[in-house]
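Visitor: Following is a predicted model, sequence given first.
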Amino acid sequence: IFNHSARVAWWEGPPLGGGQYHAECRGDTETFRAVLADFAKLDVKSKRIVLHDGIGHSFWLSPNREPGREADARIDWVFMVWNPKHWERFRTGPPEFNPTDPNDAETSPPATIDLYTGGNVRWSELQVPEGIEVVDNRLESHGFKPEDGSVAEGTVLDSTTKKPIAASIRLEQIKNGSDGRRDYSLVSRPKTDEKGRWFIKNVPLGTNRLVVEAKGYAPRVAGYFNTTNQPRWQAFPTTLSRVATVSGLVTDAAGQPLADVEVRLTDVMAMGRYDSPLGYSVKTDAQGRFHLEDVPIGTASVQVFKPGYCRPGLRPAIKTPAKDLTLEMVKSARLVVTVDFFGVTVRPESYIVNIEEEGGRAVGKWGGMAHIDTKNQHVFENVPPGVYVVQGHPNPTREDQKTDPITVELEGGKTHNVVVLAR
């Protein structure tokens, strides 16, 4: 199925792990009929076909949708299959890196075919073998028409009672600003009906964000909607949590309050990942205290940032609401790594220096790598005190090109200098 002659492109994702394989294919009804028969034979508990309007587009064949290349980038279906070990690792890993669907957690990694019914495959002429689930995401199956263009639809429910909420939805178009930041311009702001349902027709071309807000609830990013000139329907079911607060104190190692510390919540979870349109960040006052509002009831991790300081180890996990948290920071070290190319005939165009705690990498330990600058240096800032091993190597590299490891003990509040000899 994956290595079929109809395949025109393939790719592996997601980042930081891989194991999810996609085959992008182009073919007619008879070709797909044979693929469908083989798909039914897969030894996978969850097999599904997802139907879409319009014609599929391969990013890999035309990443920027260049005029004149659209026809070359057309595809009719995409087959996706997981490596089970990778799926399990993502499913049980940190929420911010987990792309798996919670609905599949009780079965196994799914295998799917996304079929675009506006192309060469005539769906009405096909019969689906037993054991394959069909998910119809076409406009007409949800009461809309092709002239409605790209349609976003959803429901808003209370995360605890599961009852509908009177909410408003902000459709924002995203564009890159002149300062490099993203600009969010309001396009539409519909409200939910008595059943908590809402929809928006003819969503503008480009990348759009949907934000759900309701009185007494923490606002939530329902998702993102990338639209083209092809008709499309996408669902955004959303639950909202009642608001909670998080407050506490940040001190140094002597117990003295630290001002101007950025306190940020990450991995915010409440019936799934709960992203805020404004983020969860605040700075401590002169007394080292902080107070975060509009946080959902659930769980989160806490990060703290202040130049010259650090908090070693993993981010503490908390339940929200939370008050009287005490977070201690210590003075960090600064390490300047210089590469000496004496004896090297040609300086490599790309050269990397890396640092890791003595004893090797492990969860909760600090480490990093970076390219050196034109002065053959890199400065590692805000490093937790401790014993580290420093090495350098060209990029790409061979084992015999790595420098001898240098062990250095870093003290908080001090700048240390290390020179590695390139090979």
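Guide: Thanks, I have the structure now.
Visitor: Against Val44, how distant is Asp104?
Guide: Asp104 sits 11 Å away from Val44, taking Cβ to Cβ, to the nearest Å as the criterion. (Each C-beta comes from the backbone N, C-alpha and C, glycine too.)
Visitor: Which residues are in contact with each of these two?
Guide: Common contact partners of Asp104 and Val44 (Cβ atoms under 8 Å, 6 or more residues apart in numbering): Pro110.
Visitor: In this protein, which helix is the longest?
Guide: If you go by DSSP state H, the chain has its longest helix at helix 29-39.
Visitor: What average pLDDT does whichever helix or strand comes after it get?
Guide: Next along the chain after helix 29-39, taking DSSP states H and E as the criterion, comes strand 47-52. For strand 47-52, mean pLDDT is 97.
Visitor: what stretches of the stretch 1-150 of the chain score poorly on pLDDT?
Guide: Applying pLDDT under 70 to the stretch 1-150 of the chain flags no residue at all.
Visitor: What segments of it are helices?
Guide: 29-39, 84-91 (DSSP state H, counting those that start in this stretch).
Visitor: out of those, which comes closest to Gly143?
Guide: Closest approach to Gly143 among the helices of the stretch 1-150 of the chain is made by helix 29-39 (26.9 Å; Cβ to Cβ).
Visitor: tell me what the closest one is packed against?
Guide: Applying 3 or more Cβ pairs under 8 Å, 6 or more residues apart in numbering; DSSP states H and E, one finds that helix 29-39 contacts strand 47-52, strand 77-82, strand 111-116.
Visitor: Mind listing residues that contact the last one?
Guide: What that stands for is strand 111-116. 32, 35-36, 39, 42, 44, 46-56, 75-82, 121, 123.
Visitor: cool, and the first one?
Guide: By Cβ under 8 Å, 6+ apart, the surrounding residues in contact with strand 47-52 are 36, 39-40, 110-117, 123, 128, 131-138, 141, 232.
Visitor: right, and Ser241 touches Tyr217 too?
Guide: Yes - taking contacts as Cβ atoms under 8 Å, Ser241 lies within contact range of Tyr217: 6.5 Å.
Visitor: what comes up buried for stretch 261-275?
Guide: By neighbour count on 16 or more other Cβ atoms under 10 Å, the buried set for stretch 261-275 is 261, 263-265, 267-268, 270-271, 274-275.
Visitor: Which two of the residues you listed have the greatest separation?
Guide: Using Cβ to Cβ, the buried residues of stretch 261-275 span at most 30.0 Å, a distance reached by Val261 and Met271.
Visitor: ok, Ala322 - how many residues close by?
Guide: 18 (other Cβ atoms under 10 Å).
Visitor: and it, bridged to which residues?
Guide: Val246 (DSSP bridges).
Visitor: May I see the buried residues of the longest helix of the chain?
Guide: Applying 16+ other Cβ under 10 Å to helix 29-39 flags 31-32, 35-36, 39 as buried.
Visitor: How far off centre is it?
Guide: In this view, helix 29-39 has its centroid 33 Å away from the chain centroid, taken as Cα atoms, centre = their mean, to the nearest Å.
Visitor: Same check on stretch 7-16?
Guide: For stretch 7-16, the separation from the chain centroid amounts to 16 Å (computed by Cα atoms, centre = their mean).
Visitor: Please point out which parts of it sit buried.
Guide: Buried, per 16+ other Cβ under 10 Å, within stretch 7-16: 7-10.
Visitor: go on, stretch 338-353?
Guide: Buried residues in stretch 338-353, defined by neighbour count with 16+ other Cβ under 10 Å: 338-339, 348, 351-353.
Visitor: Over to stretch 275-284?
Guide: For stretch 275-284, a neighbour-count test (16+ other Cβ under 10 Å) marks 275-277, 280, 282, 284 as buried.
Visitor: Secondary structure and distance to Val295 for these - can I get that in JSON lines?
Guide: Below are those laid out as JSON lines (DSSP: H, G, I helix; E, B strand; the rest coil; distance: Cβ to Cβ, whole Å):
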{"residue": "Asp275", "secondary structure": "coil", "distance to Val295": "12"}
{"residue": "Ser276", "secondary structure": "coil", "distance to Val295": "8"}
{"residue": "Pro277", "secondary structure": "coil", "distance to Val295": "13"}
{"residue": "Tyr280", "secondary structure": "coil", "distance to Val295": "6"}
{"residue": "Val282", "secondary structure": "strand", "distance to Val295": "11"}
{"residue": "Thr284", "secondary structure": "coil", "distance to Val295": "17"}
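Visitor: which one of those is nearest His291?
Guide: Among the buried residues of stretch 275-284, and counting by Cβ to Cβ, the member closest to His291 is Val282, at 6.8 Å.
Visitor: Give the bridge partners for that closest one, please.
Guide: With DSSP bridges as the rule, Val282 is bridged to Val263.
Visitor: According to the record, where do the domains of this protein fall?
Guide: 1-137, 145-240, 243-330, 333-421 (automatic domain parsing).
Visitor: circling back to that earlier point, let's have the buried residues of stretch 338-353 in a markdown table, adding secondary structure, pLDDT and distance to Gln173.
Guide: Compiled in a markdown table, the buried residues of stretch 338-353 are given as follows (DSSP: H, G, I helix; E, B strand; the rest coil; pLDDT from 0 to 100; distance: Cβ to Cβ, whole Å):
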| residue | secondary structure | pLDDT | distance to Gln173 |
| --- | --- | --- | --- |
| Thr338 | strand | 97 | 47 |
| Val339 | strand | 97 | 46 |
| Pro348 | coil | 94 | 43 |
| Tyr351 | strand | 97 | 42 |
| Ile352 | strand | 97 | 39 |
| Val353 | strand | 97 | 42 |
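Visitor: Out of the residues you listed, the closest to Ala253 would be?
Guide: Nearest to Ala253 among these, with distances taken as Cβ to Cβ, is Val353, at 28.7 Å.
Visitor: which residues does the closest one contact?
Guide: Contacts of Val353 (Cβ under 8 Å, 6+ apart): 337, 339, 369-370, 372, 378, 390-392, 420.
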